[in-house]
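1. pasting the sequence and the predicted model now:
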Amino acid sequence: AGSARPNGSATPNGSGATGGDPSGGGAPGGATGAGRPGQTGSSVPDDRPPSTVTLDVQGPDARRGAPLRIKGEVRADGETCGSVPVDIVLRGTAGGGSGAGELVVGQLATDGRGVYDGSLVLPITVPLGEYELHARTAGDARCGRSRR
């Protein structure tokens with residue numbers, strides 16, 4: 001996870017781990033409910049182990065219109081999760097002037113070792129404010145979605 005300053009920059013914070021705690025994960029687009037990827041609000045139980053997504057922001061901060069280097073790993077039940085999509089999300093912080101919403105700013109995919117590594121450009125349309133940077137996945141047939 002990370003945070004952004006009112007000038008539109010984002011910086012990493014703490015451990016950078018997301019997915020298995022309140023600072024990470026969740027369903028794409030804010031959807032809720034169990035089920036397989038692509039299912040929202042389904043009553044079908046999800047027996048896949050939840051994924052843990054780590055996030056490491058390379059560099060001191062991120063700015064709108066500039067590249068942001070990101071890397072991390074996705075694991076579930078102690079095993080790596082290869083070839084899964086990872087959404088990179090900005091979440092507005094309460095009182096930060098950015099609102100309480102979230103914005104998917106890009107998506108990266110893990111390699112066969114469960115590692116994702118790449119650069120994204122934060123859109124210049126992102127409103128100024130304070131944000132936290134998160135990574136999440138819906139998983140695949142073996143690896144479950146990351147938790148909020």
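-> Arrived safely.
2. quick check: mean pLDDT of stretch 89-106?
-> The average pLDDT within stretch 89-106 is 79.
3. mind listing residues that contact the longest strand seen in the chain?
-> When the chain is parsed with DSSP state E, its longest strand is strand 67-76. For strand 67-76, contacts defined as C-beta atoms under 8 Å, 6 or more residues apart in numbering pick out 10, 16, 19, 48-59, 62, 80-81, 84, 86, 88, 108, 110, 113-122, 135, 137, 139, 142-144, 146. All C-beta atoms are positioned from the backbone trio N, CA, C, and that covers glycine.
4. just checking, next helix/strand downstream of it?
-> With elements assigned by DSSP states H and E, the helix or strand that comes after strand 67-76 is strand 79-80.
5. packing partners for that following strand?
-> If contacts are counted by 3 or more C-beta pairs under 8 Å, 6 or more residues apart in numbering; DSSP states H and E, strand 79-80 sits against no helix or strand.
6. partner strands of the helix or strand just after that strand, with direction?
-> Downstream of strand 79-80, the next assigned helix or strand under DSSP H and E is strand 85-92. Looking at strand 85-92 with DSSP bridges, its partner strands are strand 102-109 (antiparallel), strand 131-136 (antiparallel).
7. show the average pLDDT along the last one.
-> Which is strand 131-136. Strand 131-136 comes out at a mean pLDDT of 92.
8. circling back to that earlier point, can you redo the strands paired with strand 85-92 as TSV with distance to Thr93?
-> Output for these, formatted as TSV (distance: least, C-beta to C-beta, whole Å):
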stretch	distance to Thr93
strand 102-109	11
strand 131-136	6
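9. list the neighbouring strands of the longest strand of the chain plus their orientation.
-> strand 51-54 (antiparallel), strand 56-58 (antiparallel), strand 79-80 (antiparallel), strand 115-121 (antiparallel).
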